[in-house]
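S.K.: Fold the following and give me the result.
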Amino acid sequence: MTDWLDICRAAAGDVRAVLGTMPTREERSAVIGTGVGGDETTAVDHTAETVVVERLDRSGLDFALVSEELGHRAARDDGAVTVVLDPIDGSINAKRGIPYFSLSIAVAEGPTMADVTFGFVHDFGSGEEWTAWRGGGACLNGEPIELVVPAARIELLGLEATKTALIAACATELAGVAERLRVMGSLALTMCHLAAGRVDAVATLRPARSVDIAAAQLVARECGMTVEMVDEGSLPTAPLDLEGRSRVVAAGTPEACARVAAAIR
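M.R.: Prediction:
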């Protein structure tokens, strides 16, 4: 059996080493091109992706790859797993030196979100490691995450993929749903914090892609959280590619998810 956890931990170490060689905002922020997803590719994004893909390739495994900058790379043979990679989730924080960004890696045995069997999210600020196995639970730093009883009200709502205009557009509706907001800058990490009960719900105000949520949604769902698409389709059938995009909500119950989704629509 492939030890994906060891591979991912080694990849996190590779990215941390990259960050050490690029300590300044100027070094990390240099634009070197445009990623397949359509966003600018900066030096830190490109270099982090390069070392993680090299680490995966050195494993000798056959896998298809879906990655933030590189796009899609086919496997050698049919039936190989798919690795969904976001080398730096929270790129703006990483470039500016704000310690809230992560490495996100998911492994899937098919082409949809329902096929994700392993998720790994490493927080480069706190050093926390979030992992999940489909049907096997989720862990924080190797210890099982204690299941949280969902709160009757949403005190803390984590908003991600946001700009001020997007927040302003739904602020009135959100005021009736959540007491306080946290806008921290890494969707993968904020969804992991939901899994541990640190926030009560999560919403993206801009459509997210599979690379943004593939690993963290498994962590959240293995802790009993509900994760749903807002714009179209359902989470289980969402394709593991860079084309599919939807706003996403997550909370402790389907009812709470529905309230947040209604507010941001």
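S.K.: Name the spans of this protein whose pLDDT lies under the cut-off.
M.R.: Within the chain, the segments meeting pLDDT under 70 span 1, 35-39.
S.K.: quick one, phi/psi of residue 85?
M.R.: When quoted as degrees, to the nearest 10, the phi and psi of residue 85 stand at phi -120, psi 130.
S.K.: ok, now which ones touch residue 178?
M.R.: Each residue near residue 178 by CB atoms under 8 Å, 6 or more residues apart in numbering is listed here: 154-157, 200-201, 260. In short, each C-beta sits where N, CA and C put it, glycine included.
S.K.: With residue 264 instead?
M.R.: Residue 264 touches 170, 173-174, 203, 205, 230, 247, 249, counting by CB under 8 Å, 6+ apart.
S.K.: Now with 10 Å, please.
M.R.: Residues in contact with residue 264 (CB atoms under 10 Å, 6 or more residues apart in numbering) are 157, 159, 166-167, 169-170, 173-174, 177, 203-205, 230, 247, 249.
S.K.: which one of the contacts of residue 178 is nearest residue 116?
M.R.: residue 201 (21.3 Å; CB to CB).
S.K.: Would you mind measuring from the closest one to residue 77?
M.R.: Distance, residue 201 to residue 77, using CB to CB, to the nearest Å: 41 Å.
S.K.: Same drill for the two, tell me which one is more crowded.
M.R.: Set residue 201 next to residue 77 and count neighbours by other CB atoms under 10 Å: residue 201 wins out with 26 against 8.
S.K.: Go ahead and confirm the more buried one touches residue 177.
M.R.: Yes: using CB atoms under 10 Å, residue 201 is in contact with residue 177, at 8.2 Å.
S.K.: what do these two both touch?
M.R.: Taking CB under 10 Å, 6+ apart as the contact rule, residue 201 and residue 177 both touch 154, 157, 256, 259-260.
S.K.: Just the ones in helices from these, please.
M.R.: Counting by DSSP state H, the shared contacts of residue 201 and residue 177 place 256, 259-260 in helices.
S.K.: Just among the residues you listed, which is most surrounded?
M.R.: residue 260 (26 neighbours).
S.K.: Backbone dihedrals for the residue sitting nearest the centre point of the chain, both of them.
M.R.: Central residue of the chain (CA atoms, centre = their mean): residue 188, 2.9 Å from the mean position. In terms of degrees, to the nearest 10, the main-chain angles of residue 188 are phi -60, psi -50.
S.K.: Just the endpoints, please. Distance across stretch 64-79?
M.R.: In stretch 64-79, first residue to last residue: 10 Å (CA to CA, to the nearest Å).
S.K.: and it, how far from the chain's centre?
M.R.: 18 Å (CA atoms, centre = their mean, to the nearest Å).
S.K.: Could I get the full set of helices for the chain?
M.R.: Along the chain, counting by DSSP H, helices occupy 4-21, 25-29, 43-58, 91-96, 164-175, 187-195, 210-222, 254-264.
S.K.: which residue ranges form the strands in the stretch 101-250 of the chain?
M.R.: Using DSSP state E, counting those that start in this stretch, the strands of the stretch 101-250 of the chain run over 102-108, 116-123, 129-133, 137-140, 143-144, 154-160, 178-182, 201-204, 226-229, 248-251.
S.K.: looking at those strands, which is closest to residue 71?
M.R.: Closest to residue 71 of the strands of the stretch 101-250 of the chain is strand 102-108 (CB to CB; 16.1 Å).
S.K.: gap between the nearest residue to residue 91 once chain neighbours are set aside and residue 14?
M.R.: Residue nearest to residue 91 in three dimensions, not counting chain neighbours: residue 45, with 5.8 Å by CB to CB, 6 or more residues apart in numbering. In this view, residue 45 and residue 14 are 14 Å apart by CB to CB.
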